[in-house]
Structures are given as C-alpha cells and as structure tokens.
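Undergrad: Below is the structure, and that's it, no one-letter string:
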Ligand SMILES: Nc1nc2c(ncn2[C@@H]2O[C@H](COP(=O)(O)OP(=O)(O)OP(=O)(O)O)[C@@H](O)[C@H]2O)c(=O)[nH]1
C-alpha cells in the first residue's frame with residue numbers, strides 16, 4: 001500500500017450557498033436544514049481511491065462578498081479550490097466570479113485545480129442560474145463544473161478532481 005497522500009482544499013463562495021452543507025454531507029453523510037453562518041471550520045476525512053489513501057483537509061470558509069479581503073492563508077499550501085454558488089441566487093453567481101478573479105490575483109497564475117459548483121439544484125422552482133451559464137463560466141476559467149444538491153445528496157465527486 002503506497003503512503004497516504006495529503007490534500008488541502010478550500011471551499012469558497014457567497015453567504016448561504018451551501019458550503020458547509022456540502023462539506024458536512026461529504027464528510028459525515030448528513031444534511032443540516034438549519035442555517036448557522038460559518039467563521040471557518042476545517043474538516044478532515046480519509047478516503048481510498050484506486051488503492052491510494054488520501055488524507056483530506058477541507059477548509060470551510062466564511063461566506064464572502066465582492067468586498068471581502070482574501071486571506072493570504074488561502075493561497076499557500078492549497079491543492080485545490082471548490083468555488084460554490086447557488087443556482088437560486090444571481091448574486092452568488094456574480095460573487096463567485098469576483099472571488100475567482102481575486103484568487104488569480106493572489107496566487108499569480110492559478111496552477112491548482114478549481115471546481116465550480118452550482119448548488120441547491122433541488123430547488124427547481126427557485127432556479128435563476130441555468131446549467132449552461134455555470135458551465136460557460138467554468139469553461140472560461142478552464143475549471144471543472146458541476147451542479148449539486150447537498151440536500152438530496154447529489155454530491156460532486158471531489159476527490160476525482162485531485
Ligand atoms: N434546498 C437546499 N438547501 C440547501 C442546500 N445546501 C444548503 N442548503 C441550505 O442553505 C442554508 C445555508 O447553507 P450553509 O451550508 O450554511 O451555507 P454556507 O455557504 O456554508 O453559509 P455561510 O457560512 O454563511 O457562508 C441552510 O439552511 C442549508 O440547509 C441544497 O443543496 N438544497
């Protein structure tokens with residue numbers, strides 16, 4: 001069995017888009033309906049993929065807006081970023097573009113993988129951001145795109161990306 005690989009991933013996005021819900025669903029397999037704004041939480045989990053063990057550290061950040069200062073610590077020693085918006089919020093979709101631009105500024109040229117996630121796809125009636133809009137944004141960043149629902153456990157297969 002090869003040595004475990006260590007991966008640190010930061011989850012970014014506007015307030016209330018489901019960053020914590022996605023992380024908790026991924027790590028603990030449950031959905032929490034209540035809303036409790038995050039300051040910052042780090043979750044750890046291990047998983048095995050094709051005989052390789054991974055030790056994952058998931059940094060669930062406080063919701064950002066277009067004016068938030070990007071903490072330096074989010075640019076060092078990071079293997080990947082998950083940028084989350086909600087398909088029910090145009091604002092969150094605008095903010096995720098700003099966050100991406102700040103990320104590029106901060107790390108110079110982003111050489112780390114980025115995944116753009118459109119969450120809350122179960123809220124069909126409230127959808128305002130189309131799949132192709134999300135895909136178009138991700139393509140322009142050369143990032144991976146997926147839609148998800150933390151509620152219905154339609155999860156992104158994060159580790160596939162790293
Ligand atoms: N219907 C539905 N609700 C969701 C989904 N994901 C999260 N929610 C709800 O949306 C609210 C916000 O979810 P959080 O996971 O706390 O969002 P967050 O992005 O971590 O929020 P901040 O800590 O403020 O940045 C909660 O009430 C969740 O239950 C989803 O996929 N579908």
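TA: Arrived safely. Please read all numbers here as calculations on a predicted model, not as lab measurements.
Undergrad: all contacts plus neighbour counts: C-alpha atoms, from now on.
TA: Noted.
Undergrad: neighbours around residue 92, how many?
TA: If you count neighbours by other Cα atoms under 10 Å, residue 92 ends up with 25.
Undergrad: Could you pull up phi and psi at the spatially most central residue of the chain?
TA: Residue closest to the mean C-alpha point of the chain, counted by Cα atoms, centre = their mean, is residue 82 at 2.7 Å. Listed backbone geometry of residue 82 is phi -110, psi 120, with angles given as degrees, to the nearest 10.
Undergrad: How about residue 136?
TA: Dihedral angles phi and psi of residue 136 (degrees, to the nearest 10) take the values phi -60, psi -40.
Undergrad: Distance check, it against the ligand.
TA: Between residue 136 and the ligand the computed distance is 21 Å (Cα to the nearest ligand atom, to the nearest Å).
Undergrad: same check, this time on residue 51
TA: Distance, residue 51 to the ligand, by Cα to the nearest ligand atom: 30 Å.
Undergrad: hang on, the earlier thing: so for the residue nearest to the centre of the chain, what pLDDT did the model give?
TA: Predicted confidence (pLDDT) at residue 82: the value is 94.
Undergrad: number of nearby residues for the residue nearest to residue 4 when sequence neighbours are not counted?
TA: Distances taken as Cα to Cα, 6 or more residues apart in numbering place residue 53 nearest to residue 4, at 4.7 Å, with adjacent residues excluded. Residue 53: 16 surrounding residues under other Cα under 10 Å.
Undergrad: what's the answer for residue 30, then?
TA: Neighbour count for residue 30, taken as other Cα under 10 Å: 16.
Undergrad: Residues contacting the host helix or strand of the residue nearest to residue 4, please?
TA: Residue 53 is located in strand 52-61, with elements delineated by DSSP states H and E. Strand 52-61 is contacted by residues 1-12, 19-20, 23, 38-48 when judged by Cα atoms under 8 Å, 6 or more residues apart in numbering.
Undergrad: Residue 12 in helix, strand or coil?
TA: strand (DSSP: H, G, I helix; E, B strand; the rest coil).
Undergrad: The ligand versus that one, what's the distance?
TA: With distances taken as Cα to the nearest ligand atom, residue 12 is found 8 Å from the ligand.
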